[in-house]
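prediction below, plus the sequence it came from.
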Amino acid sequence: MKFSRLLILQIALALGLIHATANGQEGWPAEPPAEAPGQWGSVSANFEEIPYPYPVQFLSLKRYGQDMRMAYMDVAPTGRSNGQTIFWQHGMNFYSEAYTPTLKALSEAGFRVLAVDRIGYGKSSKPIIPYNFNFVAANMKALLDELGISEAAIVGHSMGGMTVSRFAMLYPEVTTHVVLVNQIGLTDQRQSRTWVDPYANELGVATYQSILRGHRRYFPQDWPPAHLEFVRRQYGQTMSGEWPRIAMVRRLQGQMLYEDPVVYDWQHIDSKALILAGEEDGLVADFPTLARHVDSELQNSTILLYPGIGHAPQIEIPDQFHMDLIRFLKSDPNEPASQWK
């Protein structure tokens, strides 16, 4: 994620991490601290204290007999409008605000951008329900209907790639373009491991070190120091009085990766699609081979892999990533994806 110098310094000051370095470089330690800084405090379940870059609105939903609210940002184009709408879906450990530089780049390119916190994430409600991708896709469609949007290009990073895969299969008439950014869920995990009861609390306790390890896997090369802020937020929720409920929601969300695979959806997607990814993805064994398999399953797709880049190209190479993403999203949805390059 491309942070401004001012934002980096603000976060560093807040975390108490500014110090002099041996090589004269200002600001950040080369590595994250071994232990969570003592001044880190709890973070609320619904991120009340976390500012978002654009106004946050809420869609009211009634699902599984429960009232819930889905937070979203409706970002107007700041560049000359091209009349297109992008629906952005975040990854498992994130939420819409974490993609601020990408939302800004898309807006500047003339797109209207919808970026949601899925139910269970960020500022949205966190109910105890049987999470599944049909539920997520239906909520996406409900927001588009609420806003009177009949067509959209859908982009998903990591677990967000799974959500847009399901959406594109269920709602082809709405979907102009599909972009899968380092999607997870590239295999049917039911074939390689046994079922685990999410209510049995068998997944261990989240610690600073375990959370940090999860985030470090995104980056095969240098750790981006400003990314520590996202570790702080996730760790901070473990200190919240609402952590038992948050932890249960996370287990249920993780369970849908196992119980509701999208590997059988791709062959039914005929919208123009792009697999856009860092090929050195530390979350998936032999990611390039699996990504090319997805490309072969989709009816109308192409693939662009970045050598040496990991799970989050929007953070590691934001300029190149945004240029390629915008170029694809501006391409004619009726032309074959193979002609895009």
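That came through, no problem.

what number of residues lie near residue 242?
Residue 242: 15 surrounding residues under other CB atoms under 10 Å. In short, each C-beta sits where N, CA and C put it, glycine included.

that one contacts residue 47, correct?
No - Residue 242 sits out of contact with residue 47 when judged by CB atoms under 8 Å, with a separation of 11.7 Å.

what mean pLDDT does the longest strand anywhere in the chain have?
As assigned by DSSP state E, the longest strand anywhere in the chain is strand 66-75. The pLDDT scores in strand 66-75 average 98.

can you name every helix or strand that it contacts?
Packing partners of strand 66-75 (3 or more CB pairs under 8 Å, 6 or more residues apart in numbering; DSSP states H and E): strand 56-63, helix 100-108, strand 112-116, helix 133-147.

quick one, the shortest one and strand 66-75 angle?
Which is strand 112-116. 150 degrees (axes from the mean of the first three to the mean of the last three CA atoms, to 10 degrees).

what does the longest strand of the chain contact?
Residues from elsewhere that reach strand 66-75, judged by CB atoms under 8 Å, 6 or more residues apart in numbering: 52-62, 96, 103, 106-107, 112-119, 122-125, 127, 129, 139, 143, 147.

show me the shaky parts of the stretch 151-300 of the chain.
Along the stretch 151-300 of the chain, segments meeting pLDDT under 70 span 201-204.

where along it do the strands fall?
Taking DSSP state E, counting those that start in this stretch as the test, the strands found in the stretch 151-300 of the chain are 152-157, 175-181, 272-278.

and the first one, what does it pack onto?
For strand 152-157, the helices and strands in contact under the criterion 3+ CB pairs under 8 Å, 6+ apart are strand 85-89, helix 159-170, strand 175-181, helix 318-329.

kindly export stretch 74-84 (C-alpha atoms) in PDB.
Backbone C-alpha positions of stretch 74-84 (Å, rounded to 0.1, in the frame of the first residue of the first chain) are rendered in PDB as follows:
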ATOM      1  CA  ASP A  74     -19.500   5.100  -2.300                       C
ATOM      2  CA  VAL A  75     -16.500   7.000  -3.800                       C
ATOM      3  CA  ALA A  76     -17.400   9.400  -6.600                       C
ATOM      4  CA  PRO A  77     -14.900   9.900  -9.500                       C
ATOM      5  CA  THR A  78     -12.500  12.700  -8.900                       C
ATOM      6  CA  GLY A  79     -11.200  12.500 -12.500                       C
ATOM      7  CA  ARG A  80     -13.400  12.900 -15.500                       C
ATOM      8  CA  SER A  81     -16.200  10.300 -15.000                       C
ATOM      9  CA  ASN A  82     -16.200   7.400 -17.400                       C
ATOM     10  CA  GLY A  83     -19.700   6.200 -16.300                       C
ATOM     11  CA  GLN A  84     -18.300   2.900 -14.900                       C
END
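
in it, what counts as buried?
Across stretch 74-84, burial judged by 16 or more other CB atoms under 10 Å covers 74-75, 77, 84.

tell me the contacts of the closest residue to residue 262 other than its chain neighbours?
Using CB to CB, 6 or more residues apart in numbering and skipping the chain neighbours, the partner closest in space to residue 262 is residue 165 (4.3 Å). Going by CB under 8 Å, 6+ apart, residue 165 touches 133, 156, 178, 180, 183, 262, 265-266, 269.

what distance do you get for residue 165 to residue 137?
9 Å (CB to CB, to the nearest Å).

please tell me how far residue 252 sits from residue 294.
Distance from residue 252 to residue 294, counting by CB to CB: 25 Å.

if we can go back for a sec, need the winner for burial among the helices and strands packed on strand 66-75.
Most buried of those, by mean neighbour count (mean count of other CB atoms under 10 Å): strand 112-116, with a mean of 25.

from the contact counts, what lies against it?
Judged by 3+ CB pairs under 8 Å, 6+ apart, the packing partners of strand 112-116 are strand 66-75, strand 85-89, helix 100-108, helix 133-147.

neighbouring contacts of that strand?
Taking CB under 8 Å, 6+ apart as the rule, strand 112-116 contacts 70-77, 81, 84-90, 96, 99, 103, 106-107, 124, 139-140, 143-144, 147, 149, 152.
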